[in-house]
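[1] Quick one: sequence and predicted model below, then my questions.
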Amino acid sequence: MSARTEVLARIAAAHRAAPPPDSPYEAIVREYRTTSDLDQSALTELLVDRLVDYKALVRRCSYDDLAGTIADALADRGAGTVVVPAGLDPSWLAGLSVEVRIDGSSGEDHRSVAELDQTDGVITTCAAAVAQTGTLILDGSPGQGRRVISLIPDYHLVVVLPNQICADVPQGLPRLDATRPLTMISGPSATSDIELNRVEGVHGPRTLEVIIVGAPDGVPTEGGGG
């Protein structure tokens, strides 16, 4: 008997000894919090606090200044090339002095892993930004792209619009397209060995930078598509 077969047999025996209750999906109790008392300003401050605590870089700007802020971030980084997903608002890239490589939506337009590895950074938006946990969630919608483009370049610049900030995970989940792969980002990629030595950039970007956008009245902020 293999180890896998033995483990499955033990699980089956446990179920026979104590079968789970016959509880239909509709009867599952959902008493967790689904609303927040914090206003938009307080949620934004909480998100910034969590991001900084996770060692992410944070910039704040108005919607009108977004293109300039992106350009400043890339200049400070010293980036020469960036990849962006199809559907990212092209006005955000106006005036950039770096080479912009678009990762298309079809297979023949996808950038190769080798090309992504040679790119200085990636710019995306997100589907939700959870203030309580400081987590940015990407679901592959336009403006976010494939998971691979946010995992290979060493620098990830994420634009967060006002309507993308939510209080907690229960509020964030309904904003996602659950049929797409989800990427949840809480700070730069990092891990620690048995000696608790922190190593960054092991399985994702070494540097995460977030631009928090505040839009004036009347400026649309939905999505990230162009």
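    Looks like it arrived, so ask away.
[2] Val58 should be in a helix, yeah?
    No - counting by DSSP: H, G, I helix; E, B strand; the rest coil, Val58 falls outside a helix, being strand.
[3] and it, how far is that from Leu157?
    Taking CB to CB, to the nearest Å as the measure, Val58 and Leu157 are separated by 11 Å. No exception for glycine: its C-beta is placed from N, CA and C like everyone else's.
[4] quick one: which of the two has more around it?
    Leu157 (25 against 15; other CB atoms under 10 Å).
[5] Using the three-state scheme, assign the more buried one.
    Leu157 ends up strand, using three-state DSSP.
[6] related to what we said a few turns ago, mind listing the shared neighbours of Val58 and Leu157?
    Common neighbours of Val58 and Leu157 (criterion: CB atoms under 8 Å, 6 or more residues apart in numbering): Glu209, Val210, Ile211.
[7] Quick one: list the elements packing against the longest strand belonging to the chain.
    The strand spanning the most residues in the chain, taking DSSP state E as the definition, is strand 207-214. Counting contacts by 3 or more CB pairs under 8 Å, 6 or more residues apart in numbering; DSSP states H and E, strand 207-214 packs against helix 40-53, strand 57-62, helix 66-77, strand 155-160.
[8] Out of those, which one sits most buried?
    When the helices and strands packed on strand 207-214 are scored by mean count of other CB atoms under 10 Å, the highest mean neighbour count falls to strand 155-160 (a mean of 24).
[9] quick one: that strand to helix 40-53, angle?
    If you take axes from the mean of the first three to the mean of the last three CA atoms, to 10 degrees, strand 155-160 sits at 170 degrees to helix 40-53.
[10] Pull up the pairing partners for strand 155-160, direction included.
    Partners of strand 155-160 in the sheet, by DSSP bridges, are strand 121-125 (parallel), strand 207-214 (parallel).
[11] got the contact list for the last one?
    I take that to be strand 207-214. With contacts defined as CB under 8 Å, 6+ apart, strand 207-214 is touched by 44, 47-48, 51, 54, 56-63, 66, 69-70, 73, 77, 136, 154-162, 165, 185, 187-188, 221.
[12] re the thing from before, so which of the helices and strands packed on strand 207-214 is nearest Met1?
    Distance to Met1, taken as CB to CB, is lowest for strand 155-160 among the helices and strands packed on strand 207-214, at 46.0 Å.
[13] so where do the strands sit in this structure?
    In the chain, the strands defined using DSSP E lie at 57-62, 81-85, 99-103, 121-125, 128-130, 135-138, 155-160, 165-166, 183-185, 190-192, 198-200, 207-214.
[14] Just put those strands in a markdown table and tack on distance to Gly172 and mean pLDDT.
    Formatted as a markdown table, those follow (distance: least, CB to CB, whole Å; pLDDT from 0 to 100):
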| stretch | distance to Gly172 | mean pLDDT |
| --- | --- | --- |
| strand 57-62 | 19 | 96 |
| strand 81-85 | 20 | 96 |
| strand 99-103 | 24 | 94 |
| strand 121-125 | 14 | 97 |
| strand 128-130 | 4 | 96 |
| strand 135-138 | 6 | 95 |
| strand 155-160 | 12 | 96 |
| strand 165-166 | 5 | 94 |
| strand 183-185 | 9 | 92 |
| strand 190-192 | 22 | 72 |
| strand 198-200 | 25 | 70 |
| strand 207-214 | 16 | 95 |
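[15] Take the ones you listed and write them to CSV, including distance to Ala27.
    Below are the strands of the chain laid out as CSV (distance: least, CB to CB, whole Å):
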stretch, distance to Ala27
strand 57-62, 43
strand 81-85, 41
strand 99-103, 44
strand 121-125, 38
strand 128-130, 28
strand 135-138, 28
strand 155-160, 37
strand 165-166, 27
strand 183-185, 29
strand 190-192, 40
strand 198-200, 44
strand 207-214, 40
